[in-house]
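1. pasting a predicted model and its sequence here:
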Amino acid sequence: MEDGINILNDYVIPWGVRLIIAFAIFYIGKAIAKAISEFAKKPMSKSGMDTMLINFLGTMIYSILLIAVVLAAVDQLGINITSLLAIVGAAGLAVGLALKDSLSNFAAGVMIIIFRPFKIGDFINAAGSAGTVDEIGLFCTLLHTGDNQRIIIPNSSVLGGTIVNVNTLGTRRVDLVIGIGYDDNIGQARDIILGIIDADPRILKDPEAGVALGELADSSVNFNVRPWVKAEDYWAVRADLLETIKLSLDQAGINIPYPQQDVHMHTVSDAQ
């Protein structure tokens, strides 16, 4: 009976108390960590920071605090934290080597979220693909193309190459090359093209559109036609300009040449 009491006093009660305290540390600490992470999100949200970045930083703060809470609870149980950290570190190294590509995508995703080379809704060219950004995840970026195909690009591929953001500056220049025949009137053709540009309200007045003689080519006199438009109007304006210029030049009797080859046939009589 006395031995049972000694075991109860020496082992069961102390371990029970430690266990209760460890659980209390864990649950109270977890609640505090959650509250701190939520509190930290408020000033970031007021500053206009990206929502995904806010959530990511809040999760990171919570995770770091939760690790500290777990270590404190484990220490209360009398477990050697140094040995535990060594085991966790070795396991982390093995997992890191196995998931190095995923970790690379994760790191690239964090960099994209922080530096924001593009945002949701932008049209970009990245990693050999072009499309409108639908989602910026921690591991991959999702685009959709003009013909409504989904493109999923690993973030390491996006950040590791050249990124062309079409929407960042808000305006784009439409670059056209319009050729007329050598026998046609250059001044008349220029006036027709300028009139078409002035009549289109989607074409910006500032910067001013440029219409200049660009090249005396093999079979045509080429004009460089360069109006400025809003980024969202680019393709519509480009298509309408090509059609309107073609119809207007045809109506004015101005030839738009195309490559052609003349073949001359000679008949050679047999020598008598």
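-> Thanks, I have it.
2. phi, psi for the closest residue to I186 other than its chain neighbours please.
-> Leaving aside its chain neighbours, I186 sits nearest to V221 (6.4 Å; criterion: C-beta to C-beta, 6 or more residues apart in numbering). Bear in mind the C-beta positions are built from the backbone N, C-alpha and C, glycine included. When read as degrees, to the nearest 10, the backbone of V221 gives phi -100, psi 120.
3. thought V221 was touching R190?
-> No: in this structure, V221 is not within contact of R190 by C-beta atoms under 8 Å, at 10.6 Å.
4. how about the residue nearest to I186, what does it touch?
-> G179, I180, G181, Y182, D184, I186, L213, E215 (C-beta atoms under 8 Å, 6 or more residues apart in numbering).
5. run through the bridge partners of it.
-> For V221, the beta-bridge partners under DSSP bridges are I180, L216.
6. state the distance from it to V174.
-> 20 Å (C-beta to C-beta, to the nearest Å).
7. also I113?
-> To V174, I113 is 33 Å away according to C-beta to C-beta.
8. N105 now?
-> 36 Å.
9. in this structure, which spans are helices?
-> 2-7, 13-46, 51-76, 81-98, 100-115, 155-159, 186-199, 234-251 (DSSP state H).
10. tell me which of the ones you listed approaches L142 most closely.
-> Closest approach to L142 among the helices of the chain is made by helix 155-159 (10.8 Å; C-beta to C-beta).
11. phi, psi for the residue nearest the centre of the chain please.
-> Residue closest to the average C-alpha location in the chain (C-alpha atoms, centre = their mean): F118, at 4.8 Å. Here the main-chain torsion angles of F118 (degrees, to the nearest 10) amount to phi -160, psi 170.
12. just the pLDDT for it.
-> Note on F118: pLDDT of 90.
13. isn't it up against N165?
-> Yes: with contact defined as C-beta under 8 Å, F118 counts as touching N165 (4.9 Å).
14. any common contacting residues for those two?
-> Common neighbours of F118 and N165 (C-beta under 8 Å, 6+ apart) are I124.
15. just the helices of the chain: most buried one?
-> Among the helices of the chain, ranked by average contacts under mean count of other C-beta atoms under 10 Å, first place goes to helix 155-159 (a mean of 22).
16. perfect, that will be all.
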